[in-house]
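In: I would like the atomic coordinates for the input below:
(2 chains)
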Protein chains: 2
Amino acid sequence: MSLKTDAKLALKKHRTETGLFIVEGRKGILELLSSDFKVVRVYATITESELIDSACATYQERTGNPSPIVTIVNEKTLTSLGTLETSSAGLAVARMRTSIDEASILAVAQSAYVLVLDDIQDPGNLGTIIRTADWFGITHIVTSPTTVDVYNPKVIRASMGSFTRTCMTELPLESLLLTAKEKNIPSYGAFLSGTSVHETRFEGNGFIVMGSESHGIQEELRKQLTHEITIPKHGHAESLNVAIATGVILATLRK
Amino acid sequence: MSLKTDAKLALKKHRTETGLFIVEGRKGILELLSSDFKVVRVYATITESELIDSACATYQERTGNPSPIVTIVNEKTLTSLGTLETSSAGLAVARMRTSIDEASILAVAQSAYVLVLDDIQDPGNLGTIIRTADWFGITHIVTSPTTVDVYNPKVIRASMGSFTRTCMTELPLESLLLTAKEKNIPSYGAFLSGTSVHETRFEGNGFIVMGSESHGIQEELRKQLTHEITIPKHGHAESLNVAIATGVILATLRK
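Out: As a prediction, this is how the structure comes out:
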């Protein structure tokens, strides 16, 4: 394996073939080495290698996994092969987690909030949503198969390390929310109209559903929701960015 | 003037020299033509020209300004010269607004909320903050001289047309907030600790101060604030994105 080959994991095709993904930048790599992910190898610049060697030793001790192989690379090569525009401290290769199934997600939503994302397209938005969910103590996120891949390097980067603490699952949403309704698990969908989020009685568990940047929640999914909620508008913007709306709703239900 | 020359207005140097800036994409251009900005000229693809011609006629009628000159350009040229990655409907050139002064901003803050941004670096964040402020009915935003230029094309784009409805002013913040304190105008700064935003008694006016992505509100500014507020954390992320934090605070004070 070489940095050149591994840098190709920026593309979904290569991730799917290998089951591996990349994490770039010092903070992301250190968070990865403090998590339960299987870290396979790390490329680091000489200036960062001591810090990363030490984090790898702690990782091995804590998890019992073999220490990732650390290879020293020069900064220029790293920057030219990586996806970051500015120079980077390193690039780590780790194994993607296996998804959990519908039944497990439904069990979580019996006693906690689960965030559901329908067709989010922008990797920056998805990463920011993961970070925001982590701030508000949401540990499980379900994405529609049409949502941007959570292992996209831009998603990983925008999540600022929060991807390591969040269980991400891709599932068909219609079936999930239909079953939820049958099991009396509430689901709250965000719309441009509906009950004000400030007047909504959140019951301590269930699904919070956010729609795509351009079309919102799709009609088929809307039918399965138990609540339609909205963030009251006081000015003139047509809509809120989906990550902002997620932040406002999560802050309100945690109040 | 040519599209090639005007496209250079993507750079701050050229904007400062000419007093002009650019707006790209159909939605941005239409919002611009519905605003009180002085629109100088528009480049449009043949497929968009009818729509844009009609918007220019309405603009002329409504404002009494001369109709902007519309030039037909091909899509390939537009995409190669513009800052958008995907093909664009057009590019408009408009005159930047003149800033308002400290005394005027203080007068606004006597009876309304004014958003203050200290050293925001990311244009996407600034644009999203403008859009969010517009949703929550904030009409005035003050930026520190170190904040990314509001006429940066990425800021304009991320604001989704909200830049047309928001009065943006660049001012030294320390003097502004010091004078505010002397005049008994409250100022609320967002920090990682402080009084919970949910328990803060907002008084219907004053300054909401948000700090930079990496360093928060600078120490010199902190001393001038009358309130330190925070968004309670329930999980493990180190911080919230500044645009998300702005959304949560504005939603809470509008509750």
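In: just give the nearest non-adjacent residue to the residue nearest the centre of chain A, would you?
Out: Geometric centre of chain A, nearest residue: A:I130, 4.3 Å, by CA atoms, centre = their mean. Distances taken as CB to CB, 6 or more residues apart in numbering or on different chains put A:S159 closest to A:I130, at 4.1 Å, once the chain neighbours are dropped. Glycine gets a C-beta too; all of them are placed from N, C-alpha and C.
In: now A:E220
Out: Using CB to CB, 6+ apart, the nearest residue to A:E220 is A:E174, at 5.6 Å.
In: quick check: buried residues in the helix or strand harbouring the one you found?
Out: Following DSSP states H and E, one finds A:E174 within helix A:173-182. For helix A:173-182, the neighbour count (16 or more other CB atoms under 10 Å in any protein chain shown) marks A:L173, A:L176, A:L177, A:L178, A:A180, A:K181 as buried.
In: quick one: it to chain centroid distance?
Out: With CA atoms, centre = their mean, to the nearest Å as the basis, helix A:173-182 stands 22 Å off its chain's centre.
In: average pLDDT for it, rounded please.
Out: The average pLDDT within helix A:173-182 is 98.
In: out of the buried residues of helix A:173-182, who's near chain B?
Out: By CB under 8 Å from any CB of the partner chain, no member of the buried residues of helix A:173-182 lies near chain B.
In: ok, so of those, who is nearest A:G247?
Out: Relative to A:G247, the closest of the buried residues of helix A:173-182 is A:L173; by CB to CB it sits at 21.1 Å.
In: contacting residues for the closest one?
Out: Shown in contact with A:L173 (CB atoms under 8 Å, 6 or more residues apart in numbering or on different chains): A:V116, A:D118, A:V142, A:S144, A:V209, A:L221.
In: A:T98 now?
Out: No residues are in contact with A:T98 under the rule CB under 8 Å, 6+ apart.
In: buried residues of the helix ranked longest in chain A, list them for me.
Out: The residue-count maximum for a helix in chain A (DSSP state H) belongs to helix A:46-63. Of the residues in helix A:46-63, A:E48, A:S49, A:I52, A:A55, A:C56, A:Y59, A:T63 count as buried by neighbour count, 16+ other CB under 10 Å.
In: contacting residues for the last one?
Out: Counting by CB under 8 Å, 6+ apart, A:T63 makes contact with A:D36.
In: how about the residues of chain A by chain B?
Out: Residues of chain A lying near chain B (CB under 8 Å from any CB): A:124, A:128, A:131-139, A:160-162, A:165, A:197-198, A:231-241, A:243-245, A:247-248, A:251-252, A:254-255.
In: whichever of those end up buried, select them in PyMOL.
Out: Command for PyMOL that selects the buried part of the residues of chain A next to chain B, burial taken from 16+ other CB under 10 Å:
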select buried, chain A and resi 124+128+131+132+133+134+135+136+137+138+139+160+161+162+165+197+198+231+233+235+237+239+240+241+243+244+245+247+248+251+252+254
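In: give me the contacts around stretch A:124-131.
Out: A:115, A:117, A:120, A:141, A:143, A:147-148, A:150, A:152, A:154-160, A:162-163, A:166, A:168, A:210, A:213, A:241-243, A:246, B:124, B:237, B:240-241, B:244.
In: just the buried ones from these?
Out: Buried subset of the contacts of stretch A:124-131 (neighbour count, 16+ other CB under 10 Å): A:115, A:117, A:120, A:141, A:143, A:147-148, A:150, A:152, A:154-160, A:162-163, A:166, A:168, A:210, A:241-243, A:246, B:124, B:237, B:240-241, B:244.
In: and those residues, which of them are in strands?
Out: Of these, the ones assigned to strands by DSSP state E are A:L115, A:L117, A:I141, A:T143, A:M168, A:M210.
In: farthest-apart pair in the residues you listed, please.
Out: Top of the distance list for those (CB to CB): A:M168 and A:M210, 14.3 Å.
In: now render the ones in strands among the buried ones among the contacts of stretch A:124-131 as a markdown table, adding pLDDT.
Out: As requested, those are arranged in a markdown table below (pLDDT from 0 to 100):
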| residue | pLDDT |
| --- | --- |
| A:L115 | 98 |
| A:L117 | 98 |
| A:I141 | 98 |
| A:T143 | 98 |
| A:M168 | 97 |
| A:M210 | 98 |
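In: tabulate those (CSV), appending distance to B:A92.
Out: Below are those laid out as CSV (distance: CB to CB, whole Å):
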residue, distance to B:A92
A:L115, 38
A:L117, 34
A:I141, 39
A:T143, 36
A:M168, 40
A:M210, 32
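In: secondary structure class for A:E17?
Out: helix (DSSP: H, G, I helix; E, B strand; the rest coil).
In: who does the helix or strand just after the helix holding A:E174 touch, helix- and strand-wise?
Out: Later in the chain than helix A:173-182, the nearest helix or strand by DSSP H and E is strand A:187-196. The contact analysis (3 or more CB pairs under 8 Å, 6 or more residues apart in numbering or on different chains; DSSP states H and E) places strand A:187-196 against helix A:173-182, strand A:206-210, helix A:219-222, strand A:227-230, helix A:242-254.
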